[in-house]
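[1] Mind looking at a prediction? Sequence and model below.
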Amino acid sequence: RARSRDSVSFSYMYPVSDCVWLLVLDVNSNHTYGTVRDETFVWMEEQLQQAREAGVRVIGVTHQNLHVHNRMFVFGYQINNAGKLLQMYQEYGVTLNLSGHMHLQHITEHGGVTDISTSSLSVWPLHYGFLAIDDSGVEYETRELDVAAWAEREGITDPDLLNFYDCSREFFDATTRIKQERRLEGCGASPEEIDRMNILRASIHAMN
């Protein structure tokens, strides 16, 4: 159960344990539009002050990124007022923020605050993050969802599950191809141009 909720957004503070709290900031709803609201900063500072007094480690969680991870993923991906949020993190010793939106696993640090962009579990290669916290600090590890191992342990014989890594990659590739073709058709691309783009996409996919 959240220990406190912001009154003007879906932001909340959640106590994971007696020594770790998650500051979950709403920056991706109709209340916020990619921005931390001024009223939310007031509420957030109160929560961070309470965490400081209690000697609690706070980890930030946002949908959009705190830092720029890739120059192609800036507008709409980085929090609009990320600089102001970074300053508050620095003031109250928040050194880690977990974000997403890009669906790409990447870690970057700026101003003493690390932003981990976590990949999406529903997107191949089905990664998730494992966060270990103790008195010495925080360790983050990317892990892969091993459906095949689970299926084998459970005695399941479905070949799609026993070969889930390859099946999920093929599904992701097919879905990407369909979306790409629809987008190109909407832009007026000819069938020949679409075929060439498919060949390019397949060659890039084969390299990864």
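    Nice, I can see it.
[2] When you work out contacts or count neighbours from here on, use the C-alpha atoms and nothing else.
    Will do.
[3] so when I look at residue 58, I'm seeing a strand, right?
    Yes: the assignment for residue 58 by DSSP: H, G, I helix; E, B strand; the rest coil puts it in a strand.
[4] What is the end-to-end distance of stretch 55-72?
    39 Å (Cα to Cα, to the nearest Å).
[5] pLDDT of that stretch, averaged?
    The average of the pLDDT scores along stretch 55-72 is 95.
[6] Now tell me what touches it from outside.
    18-28, 34, 48, 51, 74, 76-79, 82, 85-86, 94-101, 106-110, 115, 117 (Cα atoms under 8 Å, 6 or more residues apart in numbering).
[7] one more time with 6 Å, if that's ok
    19-25, 77-79, 82, 94, 96-101 (Cα atoms under 6 Å, 6 or more residues apart in numbering).
[8] Which ones among those map onto helices?
    If you go by DSSP state H, the contacts of stretch 55-72 have residue 82 in helices.
[9] among the contacts of stretch 55-72, which ones are buried?
    20-25, 77-79, 82, 94, 96-101 (16 or more other Cα atoms under 10 Å).
[10] So what touches the lengthiest helix in the chain?
    In the chain, taking DSSP H as the definition, the longest helix is helix 164-186. By Cα under 6 Å, 6+ apart, the surrounding residues in contact with helix 164-186 are 124, 148.
[11] quick one: average confidence on it?
    For helix 164-186, the mean confidence score works out to 90.
[12] Would you mark the buried spots in that helix?
    Result for helix 164-186 [16+ other Cα under 10 Å]: buried residues 164-165, 168-169, 177, 180-181, 184.
[13] repeat for stretch 61-75
    61-69, 74.
[14] Could I get the contacting residues of the residue nearest to residue 103 when sequence neighbours are not counted?
    Nearest non-adjacent residue to residue 103, counting by Cα to Cα, 6 or more residues apart in numbering: residue 119, 4.4 Å away. Residues near residue 119 by Cα under 6 Å, 6+ apart: 103-105.
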